[in-house]
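Enquirer: Quick one, structure for this:
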Amino acid sequence: MVSRMQPDTYYLRSFGCQMNDHDSERIAGLLERLGWVRRDLPEEAGLLVYNTCSIREKADSRLAGHLGTAARLKRADPSRRLVVAGCLAQSRREELLSDFPFIDVLVGPQSLHELPRLLEQRRDTDRPVGAFEETTGVFSAALPRARPSGPTAWVQITAGCSNFCSYCIVPYVRGPEASRSTVEIVEEVAHLVEAGVKEVTFLGQNVNAYGKEPGFAGAEGFADLLALACEVPGLERIRFMTSHPKDMSEDLIDLLAASNQLCEHVHLPVQSGSDDILSAMRRGYTREGYLSLVRRLREAVPEVALTTDLIVGFPGETEADFEETLSLVQECAFDGAFTFIYSPRRQTEAARLAGRLDPEVARARMARLVDLVQRIGRQRNEALVGTVVEVLVEKVSRQAAGEVMGRTRTHKPVNFPSSPEPGALVRVELTEATSTSLRGREVPAGASVRS
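Expert: Here you go, the predicted structure:
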């Protein structure tokens, strides 16, 4: 087989959450500062980089398939190098090297800044190399960046997590919570706006914990940070994720209710509607506590869109527990939800719990949950048909000529015929709805607007 790869070229594939997408932009920035050029296909690249996720078992199996492709490409050209980065590299480094001995570099999420050194070290040695810091010493946000062009951007405000929910491996692979300086964050936002960004999304495993860890150098909390970001000239919209229900403050709710750049959308993972399961998950709130928070949000911001995460089949989940989840979804009327079947993660407390659900039962429950989420999502979107909303154009459609895709302030995707370039704010009358998206038509300036 003749290799089509060129030297000093790289292929980068990211798995998992938005923080991984942000970290991948920083990996790309590090490589491009060294002179590497990105390629769209692994066959065309001399360096293959996979930024991994360890949250669920499905991510493990997906990575295995990609590493099979990498093995074939390395056999075709042994000069190729393979980097596995991110959470799975941190949590399963010995097994990865045992199962895939052709890996050249392993680098955990707290050690991404070490990648240039590791590549040089691997070049000078004949064995795999790695770096696996346990705590955040250098924020990935401090690294150079290569991000896709467009009007939206990620901004990391925290790293790690200190909650230790019983099912979650994040604290073990990303370390304890650490907050970036408020000054650095606001400066990054200002630089992004100068580069044409209209909307930023603040990222953290638990954004509501911003500034709360011992030793934080600043005095600002999360609501304070958001208020300062609202003062950046030219910034049109601010989003944030992910919010932990137990830490959402009244100050944050008040800020959401004010007229500012803060969008009327909150991603608020609940995971289960059963108090018994929430307790076993170590979530730190009750069903009623969560429902009370939702009521306060809707009273303060009537137009708010709420999305959530839900886990089906947690160890010990009974049919009654699952019914409580269904009833909570109905009562909260979520605009959308990410739904998952429980996946045991080694190191976590839940992996040692008895009462694992039969896979067929879990899949049946998942189907019922997805059906309910989709029905509610469709109802909420259909209620918007006929209204006029503000849409930030994000990209030109690849499927339909002459169409663009943008989002409302409530984070709902809208497809419509239009000529504006990405970054334009346009008024759109909504004409059709599905459970996950909307269609519309552009209307003249001056029409009354909903979120």
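Enquirer: And the strands in the stretch 51-200 of the chain?
Expert: For the stretch 51-200 of the chain, the strands defined by DSSP state E, counting those that start in this stretch occupy 81-86, 105-107, 129-131, 152-156, 158-159, 178-179, 199-203.
Enquirer: want to try CSV for the ones you listed, with mean pLDDT and mean neighbour count as columns?
Expert: Every C-beta, even on glycine, is put in place using the N, C-alpha and C of the backbone. Output for these, formatted as CSV (pLDDT from 0 to 100; neighbours: other CB atoms under 10 Å):
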stretch, mean pLDDT, mean neighbour count
strand 81-86, 96, 25
strand 105-107, 97, 26
strand 129-131, 96, 20
strand 152-156, 97, 21
strand 158-159, 96, 27
strand 178-179, 95, 24
strand 199-203, 98, 22
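Enquirer: Identify whichever of the ones you listed lies nearest to Glu187.
Expert: Nearest of the strands of the stretch 51-200 of the chain to Glu187, taken as CB to CB: strand 152-156 at 10.5 Å.
Enquirer: Give the other helices and strands that that closest one contacts.
Expert: Judged by 3 or more CB pairs under 8 Å, 6 or more residues apart in numbering; DSSP states H and E, strand 152-156 is in contact with helix 18-33, helix 182-194, strand 199-203.
Enquirer: So which elements touch the shortest one?
Expert: The reference is to strand 199-203. Using 3+ CB pairs under 8 Å, 6+ apart, strand 199-203 is in contact with helix 18-33, strand 152-156, helix 182-194, helix 222-229, strand 237-241.
Enquirer: Now tabulate those in a markdown table and tack on distance to Gln121.
Expert: Listed next are those as a markdown table, based on distance: least, CB to CB, whole Å:
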| stretch | distance to Gln121 |
| --- | --- |
| helix 18-33 | 15 |
| strand 152-156 | 27 |
| helix 182-194 | 29 |
| helix 222-229 | 38 |
| strand 237-241 | 36 |
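Enquirer: Need the helices and strands packed on strand 152-156 in JSON lines (columns: distance to Leu425).
Expert: Putting the helices and strands packed on strand 152-156 into JSON lines (distance: least, CB to CB, whole Å) gives the following:
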{"stretch": "helix 18-33", "distance to Leu425": "23"}
{"stretch": "helix 182-194", "distance to Leu425": "14"}
{"stretch": "strand 199-203", "distance to Leu425": "10"}
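Enquirer: Lys395 - how many residues pack around it?
Expert: By other CB atoms under 10 Å, the residues close to Lys395 number 15.
Enquirer: Can you name the residues that contact it?
Expert: Counting by CB atoms under 8 Å, 6 or more residues apart in numbering, Lys395 touches Gly150, Val404, Met405, Pro422.
Enquirer: from these, which ones fall inside strands?
Expert: Val404, Met405 (DSSP state E).
Enquirer: Low-confidence ranges, the chain, go.
Expert: By pLDDT under 70, the low-scoring segments of the chain are 1-7, 58-59, 446-451.
Enquirer: Any figure for the gap between the closest residue to Ala227 other than its chain neighbours and Gln205?
Expert: Nearest residue to Ala227, sequence neighbours excluded (CB to CB, 6 or more residues apart in numbering): Leu255, at 6.3 Å. According to CB to CB, to the nearest Å, Leu255 and Gln205 sit 21 Å apart.
Enquirer: What about Arg352, how many residues nearby?
Expert: 10.
Enquirer: Now it, what are its backbone angles?
Expert: With angles defined as degrees, to the nearest 10, Arg352 sits at phi -100, psi 0.
Enquirer: Quick one: list the elements packing against the top helix by length along the chain.
Expert: As assigned by DSSP state H, the longest helix anywhere in the chain is helix 359-382. Packing partners of helix 359-382 (3+ CB pairs under 8 Å, 6+ apart): strand 305-312, helix 319-332, strand 336-341, strand 425-433.
Enquirer: okay, the angle between it and helix 319-332?
Expert: 10 degrees (axes from the mean of the first three to the mean of the last three CA atoms, to 10 degrees).
Enquirer: how far off strand 425-433 does helix 359-382 point, in degrees?
Expert: Using the same axes, to 10 degrees, the direction of helix 359-382 lies 120 degrees away from that of strand 425-433.
Enquirer: Would you mark the buried spots in helix 359-382?
Expert: For helix 359-382, burial by neighbour count (16 or more other CB atoms under 10 Å) applies to Ala362, Arg365, Met366, Leu369, Leu372, Val373, Ile376, Gly377, Arg380, Asn381.
Enquirer: after the helix or strand where Leu255 lies comes which helix or strand?
Expert: Leu255 belongs to helix 250-257 when elements are defined using DSSP states H and E. As assigned by DSSP H and E, the chain's next helix or strand after helix 250-257 is strand 265-267.
Enquirer: what's the helix or strand just after that next one packed up against?
Expert: Toward the C-terminus, strand 265-267 is succeeded by helix 275-281 as the next helix or strand (DSSP H and E). For helix 275-281, the packing partners by 3+ CB pairs under 8 Å, 6+ apart come out as helix 319-332.
Enquirer: which residue sits closest to Leu353, ignoring its sequence neighbours?
Expert: Pro315 (3.9 Å).
Enquirer: Check the contact between that neighbour and Glu349; I expect there is one.
Expert: No. At 10.1 Å, Pro315 and Glu349 do not qualify as touching, with contact defined as CB atoms under 8 Å.
Enquirer: Of these two, give the one with the bigger neighbour count.
Expert: Shown here are Pro315 and Glu349; by other CB under 10 Å, Pro315 has more neighbours (19 against 15).
Enquirer: doesn't the more buried one fall inside a helix?
Expert: No. According to DSSP: H, G, I helix; E, B strand; the rest coil, Pro315 belongs to no helix; its state is coil.
Enquirer: Pull the contacting residues for it.
Expert: Ala280, Tyr342, Ala350, Leu353, Ala354, Gly355, Arg356, Leu357.
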